[in-house]
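>>> A predicted structure for the sequence below; I have some questions about it.
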Amino acid sequence: MSHSVRRRQFARQFASKQEVPSIAEKNRVIARITRELIKGKSFLVLGHNNPDADCIASQVAFALILRKLGKEAAVFISEPFAPQLEYLRAICRYNGIETLKTGDAIADRGFSALIILDTPKPDMLLASDSVQELMANPHLKKIELDHHLGSDSRYIGSQGYTLVSQAASCCELVGYFSFKLARWAQKQGRGEVASFFSRNFALAILTGIVGDSHLGAFLKTKREKWYYRIFSSYFNRLLGQTTKTGSANLSSKEDIYNAIQSLSGPEQECYKEMASHIHKSASLFTAALDKEASRGLFSRYSNEVMVNVSKTLSDKFAEESGKLGMVVYCDDPALSNLYQFRLRRAASFDALDLRAVLASLAITNGGGHPGAVGFRIPKSEISSITAYLAGFTEQIEAMIAASK
């Protein structure tokens with residue numbers, strides 16, 4: 001490898017993700033990824049830690065693409081699995097897609113390449129020691145699809161194999177890639193993808209599209225809304241056409257949204273307890289749990305429940321405040337030594353890019369979208385969550401006032 005190539009690769013490790021500069025270059029990236037998929041035999045599909053509906057759904061959708069190409073596919077997921085998304089695991093079982101988790105032997109499986117989806121930067125990748133070993137293998141191609149741009153995002157995939165583009169969800173990007181791949185397959189006369197757009201594929205794609213955008217309510221730009229209408233309409237129509245009339249199966253994007261937004265019994269109980277810790281300012285409603293309160297919740301509920309409830313509650317608080325909602329809690333010591341923050345913007349409020357909040361406050365352990373970010377602060381840096389929240393709220397209010 002030449003010195004100039006090494007220098008470019010080193011610089012890229014510290015560069016934030018940027019939109020692929022042209023349609024021509026985007027097509028070249030897709031062509032490279034397609035050749036890698038055709039050449040390979042077995043693939044491992046990865047996502048980010050504390051995965052949401054878009055992350056898991058994009059993993060399942062991409063694995064379905066691989067199966068249609070006659071490839072072996074495995075998805076690496078976290079346990080326990082959110083009960084609202086159990087239908088995605090059923091799709092994996094039905095289509096011969098293996099689900100792997102921490103503790104499974106992975107490093108010696110002979111994967112042809114890794115597929116990395118919906119992950120803003122390397123330290124947010126859901127990865128066991130075995131997965132990290134694969135990631136460190138310089139001879140193993142890493143293919144990346146992601147919609148997190150700018151801010152503190154960082155490339156994870158191999159150079160030339162990163163399809164990074166502005167989109168409302170990663171599933172939207174997977175859907176876009178599937179259209180390109182289907183067109184290529186048609187030109188090549190490949191019969192095995194004749195039924196490429198199946199009901200299960202539509203179900204997975206729509207799960208991510210409606211989950212990340214809340215049925216389009218959180219989309220701001222004309223571009224986002226236009227692409228949302230194109231993809232959601234197409235796959236919604238496909239889902240309706242391929243679902244048996246009168247069955248109890250999910251048959252529309254509205255059905256999917258209601259299913260993934262529902263809370264289980266334990267989640268409803270956790271929601272009530274978490275919501276009781278509310279603090280209100282002019283622009284920000286926050287549920288802030290100190291170490292003791294967090295310890296109490298973790299003694300009764302799993303980390304999966306805590307993550308799901310914090311997402312739902314921050315969304316709810318954002319809409320109630322009309323501007324911002326946030327949930328803060330202290331991780332179980334068995335998980336980390338961090339306070340977890342989730343900050344969400346109301347659908348009607350677009351004066352503040354939440355990624356700018358992280359940059360302004362010099363918070364490096366976090367990331368997300370203009371309307372939603374998650375970040376983490378070491379417990380050692382927060383002696384009092386009440387005092388920390390007061391300072392944070394004051395800075396947020398100042399930023400909002402300055403944006404008017």
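Cool, the structure landed.
>>> so where's the stretch 51-200 of the chain uncertain?
Filtered on pLDDT under 70, the stretch 51-200 of the chain yields the residue ranges 151, 191-195.
>>> quick one, helices of it?
Taking DSSP state H, counting those that start in this stretch as the criterion, the stretch 51-200 of the chain contains helices spanning 53-68, 86-94, 129-135, 170-188, 199-213.
>>> pipe those into TSV and attach mean neighbour count per row.
C-beta coordinates here come from the backbone N, C-alpha and C atoms, glycine included. As requested, the helices of the stretch 51-200 of the chain are exported to TSV (neighbours: other CB atoms under 10 Å):
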stretch	mean neighbour count
helix 53-68	27
helix 86-94	16
helix 129-135	16
helix 170-188	20
helix 199-213	27
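>>> to Leu289, which of those helices lies closest?
helix 53-68 (23.9 Å; CB to CB).
>>> quick one: list the elements packing against the closest one.
Using 3 or more CB pairs under 8 Å, 6 or more residues apart in numbering; DSSP states H and E, the elements in contact with helix 53-68 are strand 42-46, strand 72-76, helix 86-94, strand 113-117, helix 170-188, helix 199-213.
>>> for the helices of the stretch 51-200 of the chain, give me JSON lines that also has distance to Ala287.
Formatted as JSON lines, these follow (distance: least, CB to CB, whole Å):
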{"stretch": "helix 53-68", "distance to Ala287": "21"}
{"stretch": "helix 86-94", "distance to Ala287": "27"}
{"stretch": "helix 129-135", "distance to Ala287": "32"}
{"stretch": "helix 170-188", "distance to Ala287": "27"}
{"stretch": "helix 199-213", "distance to Ala287": "21"}
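>>> among the ones you listed, which is nearest Ser310?
Across the helices of the stretch 51-200 of the chain, closest to Ser310 is helix 53-68 (CB to CB), at 14.4 Å.
>>> got the angle between that closest one and strand 72-76?
Orientation check (axes from the mean of the first three to the mean of the last three CA atoms, to 10 degrees): helix 53-68 against strand 72-76 gives 170 degrees.
>>> so how far is helix 53-68 off the chain centroid?
12 Å (CA atoms, centre = their mean, to the nearest Å).
>>> and if you look at stretch 20-30?
On CA atoms, centre = their mean, the centre of stretch 20-30 falls 23 Å from the chain's centre.
>>> give me the residues contacting that stretch.
Stretch 20-30 is contacted from outside by Gly160, Tyr161, Thr162, Leu163, Val164, Ser165, Phe177, Lys180, Leu181, using CB atoms under 8 Å, 6 or more residues apart in numbering.
>>> in it, what's buried?
Neighbour-count burial for stretch 20-30 flags Val20, Lys26, Val29, Ile30 (criterion: 16 or more other CB atoms under 10 Å).
>>> restricted to helices, list these.
Lys26, Val29, Ile30 (DSSP state H).
>>> related to what we said a few turns ago, redo the buried residues of stretch 20-30 as JSON lines? Include pLDDT and distance to Ser380.
Conversion of those to JSON lines gives the following (pLDDT from 0 to 100; distance: CB to CB, whole Å):
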{"residue": "Val20", "pLDDT": "93", "distance to Ser380": "40"}
{"residue": "Lys26", "pLDDT": "95", "distance to Ser380": "44"}
{"residue": "Val29", "pLDDT": "97", "distance to Ser380": "42"}
{"residue": "Ile30", "pLDDT": "96", "distance to Ser380": "45"}
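>>> which residues sit in contact with Ser58?
Ser58 neighbours (CB under 8 Å, 6+ apart): Gly47, Leu117, Asp118, Leu145, Ser169, Cys170, Cys171, Leu173, Val174, Ala204, Gly208.
>>> and for Pro378?
Asn337, Leu338, Tyr339.
>>> in a helix, Phe285, correct?
No. Going by DSSP: H, G, I helix; E, B strand; the rest coil, the assignment for Phe285 is strand, not a helix.
>>> now do the same for it: its pLDDT.
The score at Phe285 is 98. That number is its pLDDT.
>>> which one of the contacts of Pro378 has the most neighbours?
Tyr339 (23 neighbours; other CB atoms under 10 Å).
>>> residues touching that residue, list them.
Val328, Tyr329, Cys330, Asp331, Arg376, Ile377, Pro378, Lys379, Ile382, Ile385.
>>> can you turn the buried part of these into a PyMOL selection?
Selection of buried members from the contacts of Tyr339 for PyMOL, criterion 16+ other CB under 10 Å:
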select buried, resi 328+329+330+331+377+382+385
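>>> SS state for Thr312?
helix.
>>> neighbours of it, just the number please.
Quick note: Thr312 (other CB under 10 Å) scores 22 neighbours.
>>> right, and the helices of the stretch 51-200 of the chain - which one's nearest Val309?
Taking the helices of the stretch 51-200 of the chain one by one with CB to CB, helix 53-68 is closest: 14.4 Å.
>>> using PDB, write out every CA atom in that closest one.
Extracted C-alpha coordinates of helix 53-68, given in PDB (Å, rounded to 0.1, in the frame of the first residue of the first chain):
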ATOM      1  CA  ALA A  53     -36.900  -0.600  15.100                       C
ATOM      2  CA  ASP A  54     -35.100   1.000  12.100                       C
ATOM      3  CA  CYS A  55     -31.800  -0.700  12.900                       C
ATOM      4  CA  ILE A  56     -33.200  -4.200  13.400                       C
ATOM      5  CA  ALA A  57     -35.600  -3.900  10.500                       C
ATOM      6  CA  SER A  58     -32.800  -2.800   8.200                       C
ATOM      7  CA  GLN A  59     -30.700  -5.800   9.300                       C
ATOM      8  CA  VAL A  60     -33.500  -8.200   8.500                       C
ATOM      9  CA  ALA A  61     -34.400  -6.500   5.200                       C
ATOM     10  CA  PHE A  62     -30.800  -6.700   4.000                       C
ATOM     11  CA  ALA A  63     -30.500 -10.300   5.100                       C
ATOM     12  CA  LEU A  64     -33.600 -11.000   3.000                       C
ATOM     13  CA  ILE A  65     -31.800  -9.500   0.000                       C
ATOM     14  CA  LEU A  66     -28.900 -11.800   0.600                       C
ATOM     15  CA  ARG A  67     -31.200 -14.800   0.800                       C
ATOM     16  CA  LYS A  68     -32.800 -13.800  -2.500                       C
END
